[in-house]
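In: Just need the structure, nothing else, for what follows:
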Amino acid sequence: MTSRYIYFISKSSTVIYKLCIGKGTAKERLKECELEIVSMLLAPVPEKLLPLKERIKKNLFYSGFRSSNEKGTASLTKSLYGKRNTTASKFIKDIYNLHTEVKSFIDYPEE
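Out: As a prediction, this is how the structure comes out:
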């Protein structure tokens, strides 16, 4: 059962590694990892962690800026527009927290 979360751990490990060693600000590192983050968020996580995963999706891929003819395309760059680096750092922390929670779930599955 827990083996299905290995894919998430693999993808999130890559994201965290790139976020840690990447150059630039927290916002720039998040933008640089956009494809990996999308891939990570498509992977399954335990049901009790879905609210955290959904919060990460909302924070990273929601943009309040929409013109009348735009269908609400979601992109990390648009979502981070106008955000502070401290906010971007909190988004990175959420990614790390989700990774550690899933890892803990794998290491110590609930009976």
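
In: Strands of this structure, start to end?
Out: Read by DSSP state E, the chain holds no strands at all.

In: got any ranges where it has weak pLDDT?
Out: 1-2, 63-74, 111 (pLDDT under 70).

In: packing partners for the longest helix along it?
Out: The helix that spans the most residues within the chain, counting by DSSP state H, is helix 85-107. Packing contacts for helix 85-107, counted by 3 or more Cβ pairs under 8 Å, 6 or more residues apart in numbering; DSSP states H and E, involve helix 6-21, helix 26-32, helix 50-61. C-beta: built from backbone N, CA, C; applies to glycine.

In: Just put these in TSV and tack on distance to residue 96.
Out: Shown next, in TSV, are those (distance: least, Cβ to Cβ, whole Å):
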stretch	distance to residue 96
helix 6-21	6
helix 26-32	12
helix 50-61	11
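
In: Check these for me and report the most buried one.
Out: Greatest average neighbour count among those goes to helix 26-32 (a mean of 19), per mean count of other Cβ atoms under 10 Å.
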